[in-house]
Each structure stands twice: as structure tokens, then as C-alpha cells.
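Trainee: Can you look at this prediction? I've put the sequence above it.
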Amino acid sequence: MHTALSKNGIPIRLTDERWLHITIGHPEMANYYFEVLETVENPEIVYYGNLDELLAVKSLPGSPDRYLVVVDKELADHTGVLVDGFIMTAYSTSKAKSLEKRQIAWQP
């Protein structure tokens with residue numbers, strides 16, 4: 001298991017179980033483990049998802065028309081302070097325009 005710090009400064013876990021889920025559902029992602037973590041730490045933009053998740057997006061290395069999307073969930077403690085998080089899934093897409101319909105959570 002590895003972690004990456006989100007733009008909110010929250011440690012986001014990539015567990016073995018989630019990596020297996022990602023690579024079974026999206027076998028093209030098998031060689032992008034560290035790029036997934038890098039996308040959480042240094043995205044080009046982050047969008048809000050439909051159910052309180054965040055979508056970190058970054059151009060896929062070597063493929064100018066493809067993007068890596070990492071979906072993560074940041075969790076709060078009993079006081080409402082964000083303290084922890086985990087990657088739910090990740091995938092590549094060429095349909096960046098569909099993501100642009102979402103509300104922006106972070107951009108440089």
C-alpha cells in the first residue's frame with residue numbers, strides 16, 4: 001500500500017485491494033500505478049464527483065489526447081475535519097470534455 005497527499009493535504013491510500021479492482025476493471029491501467037499516485041498529488045485539475053468523491057485529472061504520459069482520472073474519497077473524523085482518504089478507482093479516457101461539465105474542486 002502506498003499513499004499520496006491530495007491537494008487538500010490529506011493522505012490518500014492506494015490499497016492492494018483497490019489496485020486489483022482498478023486493473024481488473026481497466027487492464028490498460030496495469031502499468032500506471034505510480035502515475036495514479038502522482039495524479040492525486042499533482043493533478044492538472046480536480047472535479048467534484050456525484051457522491052462526495054473527487055476526480056483528479058492529469059494528461060496521460062506519452063498520450064497527449066488521453067487523460068488519467070483518479071477517483072478518491074476524503075474522509076472526516078467525528079468533528080468533521082478531513083483526516084484520511086482512499087482511491088476508489090482510476091481509468092484513462094479521451095473524453096475530457098465530459099469531465100468539464102463538473103464543478104471544479106481545485107485548479108492551479
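Mentor: Looks like it came in fine. Treat the numbers as computed from the prediction; the structure is a model and nothing was measured. Numbers count the residues shown, from 1 in each chain.
Trainee: looking at it, Gly49 is touching Leu55, isn't it?
Mentor: Yes. Between Gly49 and Leu55 there is a contact under Cβ atoms under 8 Å: 5.5 Å. All C-beta atoms are positioned from the backbone trio N, CA, C, and that covers glycine.
Trainee: State the phi and psi torsions of Thr39.
Mentor: Phi and psi for Thr39, reported as degrees, to the nearest 10, are phi -70, psi -40.
Trainee: For it, list the residues it contacts.
Mentor: By Cβ atoms under 8 Å, 6 or more residues apart in numbering, the contact set of Thr39 is 56-58, 68-70, 90.
Trainee: can you rerun that using 6 Å?
Mentor: Contact analysis of Thr39 by Cβ atoms under 6 Å, 6 or more residues apart in numbering lists 56, 58, 68, 70.
Trainee: helix, strand or coil for the third one?
Mentor: So the one you mean is Leu68. strand (DSSP: H, G, I helix; E, B strand; the rest coil).
Trainee: Could I get the pLDDT score of the residue most central in space within the chain?
Mentor: Nearest to the geometric centre of the chain sits Val70, at 2.2 Å (Cα atoms, centre = their mean). On the pLDDT scale, Val70 is placed at 98.
Trainee: I'd guessed Leu54 sits against Tyr47; true?
Mentor: No. If you go by Cβ atoms under 6 Å, Leu54 and Tyr47 don't touch, sitting 7.2 Å apart.
Trainee: Now do the shared contacts for the two.
Mentor: What both Leu54 and Tyr47 touch, as defined by Cβ under 6 Å, 6+ apart, is the set Ala105.
Trainee: the more surrounded of these two?
Mentor: For Leu54 versus Tyr47, the count of surrounding residues by other Cβ atoms under 10 Å is larger for Leu54: 24 against 21.
Trainee: Next one: the more buried one from Val70, what distance?
Mentor: 9 Å (Cβ to Cβ, to the nearest Å).
Trainee: Grab the nearest non-local neighbour of Val40.
Mentor: Ala4 (4.0 Å; Cβ to Cβ, 6 or more residues apart in numbering).
Trainee: What score does that neighbour have for pLDDT?
Mentor: 97.
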